[in-house]
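>>> Sequence isn't available, so here's the structure alone:
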């Protein structure tokens, strides 16, 4: 019976995955299972009867010897983990005192130590990133209770991590937003989305002193140790938001000023054109009539030199009249007030074509669009933008063809001026020397329209003026 039990015990000890051996009171091996032989890299049976400290002198003075001697001396179990240099492994050891001798179980836990070390390094790296980033990082559970509060969050909200841990994230926002925030947080947790911007990218935060700040927030959800965690990345953009507000206010004031200047320009141009037509034009016509009358009365009774001077005077009078008419055309777009944008554009480009017959200048307007009328300020701005764009194409692009296309409806307008010239850099509007483009954009912006300048479909430049009627509320 005793032999049978001994055999069963030996079978059990040989089948366990731990290394196992027995030592007598002289520290000699009395039993060692195959797993222990394999881990210690010893041939089968080579350790039986040998002194452990003689066979493993590197263990003398180590934690292994100290713990084994302590277990024998005190008669108590000892469990410890240690690095065994000769085998380059971490061992987890359980030592039990026997009468007489010692029972030792041990296992290789190197893989676990490596994994733990890697985890510690990753945690240290994550902590370094979190602690060094300028953005605040806050993690919460699905109920919004704060679990982690980064140093940047402490600086941003002027609250300590110790004070915030376990509190609701609601305390970091003005009271008027808290109820809605809880609803948004709950819905996000239920969606399964991994990330989204909060509050269309901007939300209000609340510092400990009651000061409100503007924040850009991205919220993510992840699972840590089986628990859902919400992670918020927050950036303080208060200065930027205030700067944007100041810029928009300045932009609105500039637009209002531009609009007023456009109205003054239109009034001044109309008055100047009227004065040129009714006063200077009439005066020049009277001068011409007086000159022709003098020529008729003198007949041929003049000296040859005087006759030549009178001919030159007549030519100068005719030139002055033509110049006045051209100025009138430039100041006050013909047909715009009476017949609309399509007719005025057609007349403008026909006149341009007569001056530069080597360039193909064309207007494309559908019949139903030709009869449309838009608000006077819109038609005037569109015409002036088209005139500037055509002038730029003729002067600077080296184009052989320039076309204007007009389309739209009673509630919208699209005007394009396209040339096949050398084109224009994408940043031309922002560069010195291209103030004409900025002028077109400001003129359009003042009436709620827009102007874009880009490359045409086949090269060259495309200037596009767009206007959309604002619906009445």
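Yep, it's here. Since the structure is predicted, the reported quantities are computational estimates derived from the model, not experimental observations.
>>> As a quick check, tell me the outermost residue of the chain.
Using C-alpha atoms, centre = their mean, the residue of the chain lying farthest from its centre is residue 301. It sits 85.5 Å away.
>>> Double-check residue 465 against residue 414; I have them as touching.
Yes. In this structure, residue 465 is within contact of residue 414 by C-beta atoms under 8 Å, at 7.4 Å. The C-beta positions use only the backbone N, C-alpha and C, and glycine is treated the same way.
>>> With neighbour numbers in mind, choose between these two.
For the pair residue 465 and residue 414, the greater number of neighbours falls to residue 465 (26 against 16), based on other C-beta atoms under 10 Å.
>>> How is this protein divided into domains?
2-113, 133-236, 242-332, 339-468 (automatic domain parsing).
>>> Can you flag the weakest of those domains by average pLDDT?
Lowest mean pLDDT within the domains of the chain: domain 242-332, a mean of 73.
>>> Point out the most buried one among the domains of the chain.
Ranked by mean neighbour count under mean count of other C-beta atoms under 10 Å, the domains of the chain are led by domain 339-468, which reaches a mean of 17.
>>> what's the next secondary structure element after the strand or helix carrying residue 30?
Applying DSSP states H and E as the criterion places residue 30 in strand 29-32. Downstream of strand 29-32, the next assigned helix or strand under DSSP H and E is helix 34-40.
>>> could you point out which element follows that following helix?
Heading C-terminal from helix 34-40 (DSSP H and E), you reach helix 52-55.
>>> which residues sit in contact with residue 89?
Residues counted as contacts of residue 89 (C-beta atoms under 8 Å, 6 or more residues apart in numbering) are 39, 83, 108, 110.
>>> among the residues you listed, which are in helices?
Under the assignment DSSP state H, these contribute 39, 110 to helices.
>>> Who are the packing partners of the strand holding residue 30?
Judged by 3 or more C-beta pairs under 8 Å, 6 or more residues apart in numbering; DSSP states H and E, strand 29-32 is in contact with strand 19-23.
>>> distance between the strand it packs on and the chain's centre?
65 Å (C-alpha atoms, centre = their mean, to the nearest Å).
>>> Which secondary structure elements does it sit against?
strand 29-32, helix 34-40, strand 102-108.
>>> for the stretch 351-473 of the chain, what spans make up the helices?
Listed in chain order, the helices of the stretch 351-473 of the chain (DSSP state H, counting those that start in this stretch) span 367-370, 376-392, 435-445.
>>> rewinding a little: am I right that the residue farthest from the centre of the chain falls within a helix?
No. Counting by DSSP: H, G, I helix; E, B strand; the rest coil, residue 301 is located in no helix; its state is coil.
>>> For the stretch 101-250 of the chain, which segments count as strands?
Ranges of strands in the stretch 101-250 of the chain, per DSSP state E, counting those that start in this stretch, are 102-108, 136-140, 146-149, 195-197, 203-206, 212-224, 227-236.
>>> Tabulate those strands (TSV), appending distance to residue 162.
Output for the strands of the stretch 101-250 of the chain, formatted as TSV (distance: least, C-beta to C-beta, whole Å):
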stretch	distance to residue 162
strand 102-108	40
strand 136-140	14
strand 146-149	9
strand 195-197	29
strand 203-206	19
strand 212-224	21
strand 227-236	19
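>>> Endpoints of stretch 124-144, how far apart?
End-to-end distance for stretch 124-144, by C-alpha to C-alpha, to the nearest Å: 25 Å.
>>> roughly how far out does that stretch sit from the chain middle?
That offset, for stretch 124-144, works out to 22 Å (C-alpha atoms, centre = their mean).
>>> which residues sit against stretch 142-157?
Contact with stretch 142-157 is made by 130-131, 133-141, 159-161, 164-170, 172, 181-182, 185-186, 189, 205-208, 213, 228-230, 234, 236, as judged by C-beta under 8 Å, 6+ apart.
>>> Distance from it to the middle of the chain?
Computed by C-alpha atoms, centre = their mean, the chain-centroid distance of stretch 142-157 equals 25 Å.
>>> Also stretch 160-177?
28 Å.
>>> Same question for stretch 284-291.
Per C-alpha atoms, centre = their mean, the centroid offset for stretch 284-291 relative to its chain is 68 Å.
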